[in-house]
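Q: take this sequence and fold it.
(one chain, ligands or ions: 1)
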Amino acid sequence: MTFKPLQGAPLLVVGAGIMGTGIAQVAAQAGHAVMLFDLREGAAAQAKAQLARSLDALAAKGKLSAQDVAGTLERIEPIPSLDAAASVRLVVEAVVEKLDVKRSLLRQLEGIVGGDCVLATNTSSISVTAIANGLQQPGRLVGMHFFNPVPLMRLVEVVSGLRTDAAVAQAVHSLAGSWGKVAVHARSTPGFIVNRIARPYYAETLALLQERSAEPALLDACLRAAGFRMGPCELMDLIGHDTNFAVTQSVFEANFFDKRFAPSLVQRELVDGGLLGRKSGRGFYDHAPGAVKPSVPAFEPMELPAETLLSVHGQGAVARRLSDTLAAAGRGFEPVPDSDWVGLEIDGAQLRLTDGRAASQVGAGEVAEVVVFDLPLSRDGGAALSWAPAVQAGAAWVEAAPRWLRALGFNAQRMADAPGLVVARTVAMLINEAADAVHQGVCDEAGADAAMKLGVNYPQGPFEWLHRWGAAPVAALLDALDAHYRGERYRVSPGLRMRAWQRGMVESQDCKGDVV
Ligand code: NAD
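A: Below you'll find the predicted structure:
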């Protein structure tokens, strides 16, 4: 079937809640005549009145012209009955997240609109294939998943179910582009792109909290230092633990209870206790007025300790950074580029970049005097970086190691000896999930990168990390975690494994270990 371009076409938004109102605003700002309908009497008119107040406030700040405000509002027409929308060419539904409600609404609409009208659903978690079941023309239903707040968030996931006509997905994709959005094609699978790939960002932190490896403030500080706008604990507090837990549960259930997606007892306890985050005044943090948020100690720069025999092990960005820092301080060192580990050897004791093994595992098999440190993704001096000593390490080395890390420019934060520490395991798991999504044809690499950067503000896309870090080191890190925990969570995706097997190719294209 051919569908005419949707640019400029009259459309109907059903559901005048937070999302529907945002979608109506964006469409009207792009010049569409927009009808707005809500089952609750008066709700569409109220939503328009509220929108008028927000647009006026933006105009008062000089962010919009009075003309734009008037034009946008003129184009939005609250309608009392769906029957008024017979001539629209696109419907976007943003009603409650219930399969039966969405299905019966869309069936009803098929009896009102013309045969060439595209139907789009803003569902965030329901299968588009399931919503289409029972429609006379299931091919015309597509997911158009906007992010909240719609006017500000640039990403739209264009979600195709089993029967979605490719021409419909393409028409909606190009329409979203004309609204100033970045549209990304996704296949309808649990969590689509963003809500699936983002799971480990929360799950790894929750797993570390469950093991009592670190406090929320440390985890947040380390991931913020890696470039994430918010740490996972503060972000879950903002989203609300009930909402975050529900999304995790829905992805878990939709994947037939694959343990990889298992929710956390830590979060369940917060939800059960009503500690929902900012909205209830308390989550991981106390959000009461005047409450002081805990933070990690500030960076204290140090001089490099003197009179020591130094060797820089390994290759890639971390080894280079250590070498450059020592050279800039006028310190001599022996390079050991072919070493099987990356880091600094100091009079026989080792400061190692994590390879996914606990420090104590290295200590048990190789050398007792060992401390591991996390993947430094930030080049900023003084950025928080976690470290952990092996149980075998002597007290003198455990005391000296963080001073060395500080002298090397890191705000060293001690945590328990958890394999993969904080950033390395989190980023490796995000890469793994993205590789899995691409392997299963949910999206392509560019789509995954764009979705994660625009949908959840990640500093880089998972494939940007992967191409710099290399598939083989990421898979090796996850294999080490898998060997430690012996569950399903750290199962390497076949998509990542295949890439790791192309090791020669991958390493010639990507710089080995060059993630920094
Ligand atoms: P909301 O509760 O703010 O609004 C839903 C509106 O739909 C309400 O005004 C309600 O009266 C109306 N409604 C319910 N049943 C209806 C029906 N049969 N016909 C017409 N109107 C009906 O919800 P929301 O947050 O705007 O979410 C709407 C949809 O968008 C859901 O599918 C949700 O999963 C999805 N979504 C939400 C977000 C978010 O952050 N809130 C993000 C992406 C997608």
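Q: phi and psi next, for the residue most central in space within the chain.
A: By C-alpha atoms, centre = their mean, the chain has its centre lying nearest to residue 198, at 3.6 Å. Main-chain torsions, residue 198, degrees, to the nearest 10: phi -80, psi -10.
Q: surely it and residue 451 touch.
A: No. Using C-beta atoms under 8 Å, residue 198 makes no contact with residue 451, being 9.4 Å away. Where C-beta positions appear, they are placed from N, C-alpha and C, glycine not excepted.
Q: who touches both of these two?
A: Counting by C-beta atoms under 8 Å, 6 or more residues apart in numbering, residue 198 and residue 451 have no common neighbour.
Q: and the residue of the stretch 1-150 of the chain closest to the ligand?
A: Using C-beta to the nearest ligand atom, the closest approach of the stretch 1-150 of the chain to the ligand is made by residue 17 at 1.8 Å.
Q: contact partners for that residue?
A: Contacts of residue 17 (C-beta under 8 Å, 6+ apart): 38, 47, 94-95.
Q: any idea which element the residue of the chain positioned farthest from its centre lies in?
A: For the chain, the residue at maximal distance from the C-alpha centroid (C-alpha atoms, centre = their mean) is residue 307, at 44.9 Å. Assessed by DSSP states H and E, residue 307 sits outside every helix and strand.
Q: what of residue 13?
A: Take DSSP H and E as the rule and residue 13 turns out to sit in strand 11-14.
Q: what does the pLDDT read for residue 516?
A: If you check residue 516, the pLDDT there is 55.
Q: cool, residue 506 as well?
A: Here the pLDDT value assigned to residue 506 is 46.
Q: do residue 512 as well
A: 47.
Q: quick check: closest non-adjacent residue to residue 244.
A: residue 236 (5.1 Å; C-beta to C-beta, 6 or more residues apart in numbering).
Q: show me which residues of the helix or strand hosting that neighbour are buried.
A: Assigned by DSSP H and E, residue 236 belongs to helix 232-239. Neighbour-count burial for helix 232-239, counted by 16 or more other C-beta atoms under 10 Å, picks out 232-237, 239.
Q: quick one: which of the residues you listed is nearest the ligand?
A: For those, the nearest to the ligand is residue 239 (9.0 Å; C-beta to the nearest ligand atom).
Q: return the residues in contact with that closest one.
A: Residue 239 neighbours (C-beta under 8 Å, 6+ apart): residue 277.
Q: tally of neighbours for residue 50?
A: By other C-beta atoms under 10 Å, the residues close to residue 50 number 12.
Q: just checking, what packs against the strand or helix carrying residue 175?
A: Using DSSP H and E, residue 175 maps to helix 166-178. Helix 166-178 sits against strand 118-121, strand 141-146, strand 155-160, strand 182-187, with contacts defined as 3 or more C-beta pairs under 8 Å, 6 or more residues apart in numbering; DSSP states H and E.
Q: redo those as JSON lines? Include distance to residue 247.
A: As requested, the helices and strands packed on helix 166-178 are exported to JSON lines (distance: least, C-beta to C-beta, whole Å):
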{"stretch": "strand 118-121", "distance to residue 247": "17"}
{"stretch": "strand 141-146", "distance to residue 247": "13"}
{"stretch": "strand 155-160", "distance to residue 247": "14"}
{"stretch": "strand 182-187", "distance to residue 247": "16"}
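Q: TSV for these, including distance to residue 457, mean neighbour count and mean pLDDT?
A: TSV is the format used below for the helices and strands packed on helix 166-178 (distance: least, C-beta to C-beta, whole Å; neighbours: other C-beta atoms under 10 Å; pLDDT from 0 to 100):
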stretch	distance to residue 457	mean neighbour count	mean pLDDT
strand 118-121	25	28	98
strand 141-146	16	27	98
strand 155-160	10	26	98
strand 182-187	13	22	98
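Q: can you put these in a markdown table and add distance to the ligand?
A: Listed next are those as a markdown table, based on distance: least, C-beta to the nearest ligand atom, whole Å:
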| stretch | distance to the ligand |
| --- | --- |
| strand 118-121 | 7 |
| strand 141-146 | 6 |
| strand 155-160 | 9 |
| strand 182-187 | 13 |
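Q: nearest to residue 502, out of the ones you listed?
A: Among the helices and strands packed on helix 166-178, the nearest to residue 502 by C-beta to C-beta is strand 182-187 (24.2 Å).
Q: next SSE downstream of that closest one?
A: Sequence order places helix 194-197 as the next helix or strand after strand 182-187, per DSSP H and E.
Q: just the CA coordinates for that following helix, please, in CSV.
A: Coordinates of each C-alpha in helix 194-197 appear next as CSV, following Å, rounded to 0.1, in the frame of the first residue of the first chain:
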residue,chain,number,x,y,z
VAL,A,194,15.9,2.9,24.9
ASN,A,195,14.0,1.2,27.6
ARG,A,196,15.7,-2.1,26.8
ILE,A,197,19.3,-0.9,26.4
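Q: give me the pLDDT for residue 4.
A: Note for residue 4: predicted pLDDT of 83.
Q: what's in contact with the helix or strand hosting residue 372?
A: Under the criterion of DSSP H and E, residue 372 resides in strand 370-373. By C-beta under 8 Å, 6+ apart, the surrounding residues in contact with strand 370-373 are 343, 349-354, 357-359, 362-363, 385-390, 392-393, 397-398, 401, 405, 410, 412, 417, 421.
Q: elements contacting whichever helix or strand residue 103 is part of?
A: Assignment of secondary structure by DSSP H and E places residue 103 within helix 99-110. The contact analysis (3+ C-beta pairs under 8 Å, 6+ apart) places helix 99-110 against strand 90-93, strand 118-121, helix 128-132.
Q: so for residue 100, which of the ones you listed sits nearest?
A: The closest of the helices and strands packed on helix 99-110 to residue 100 is helix 128-132. By C-beta to C-beta, the value is 10.0 Å.
Q: ok now the closest one, how far from the chain's centre?
A: Relative to the chain's own centre, helix 128-132 is displaced by 25 Å; criterion: C-alpha atoms, centre = their mean, to the nearest Å.
Q: buried residues in that helix?
A: Going by neighbour count (16+ other C-beta under 10 Å), the buried part of helix 128-132 is 128-129, 131-132.
Q: hmm, back to that, what about the strand holding residue 372, average pLDDT?
A: Across strand 370-373, pLDDT averages out at 98.
Q: do the same with stretch 39-52
A: Rounded mean pLDDT across stretch 39-52 is 97.
Q: that stretch close to the ligand?
A: Yes. Applying C-beta under 6 Å from any ligand atom, one finds stretch 39-52 touching the ligand at 39-40, 43.
Q: filter these to the buried ones?
A: Counted by 16+ other C-beta under 10 Å, the residues of stretch 39-52 next to the ligand give residue 43 as buried.
Q: dump the residues of stretch 39-52 next to the ligand to JSON lines, plus distance to residue 72 and secondary structure.
A: As requested, the residues of stretch 39-52 next to the ligand are exported to JSON lines (distance: C-beta to C-beta, whole Å; DSSP: H, G, I helix; E, B strand; the rest coil):
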{"residue": "39", "distance to residue 72": "24", "secondary structure": "coil"}
{"residue": "40", "distance to residue 72": "23", "secondary structure": "coil"}
{"residue": "43", "distance to residue 72": "19", "secondary structure": "helix"}
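Q: closest to residue 170 among the buried residues of helix 232-239?
A: Of all the buried residues of helix 232-239, residue 239 has the smallest distance to residue 170: 32.0 Å, by C-beta to C-beta.
Q: could I get the full set of helices for the stretch 401-516 of the chain?
A: All helices of the stretch 401-516 of the chain, identified by DSSP state H, counting those that start in this stretch, fall at 423-439, 445-455, 462-469, 471-485, 494-501, 503-509.
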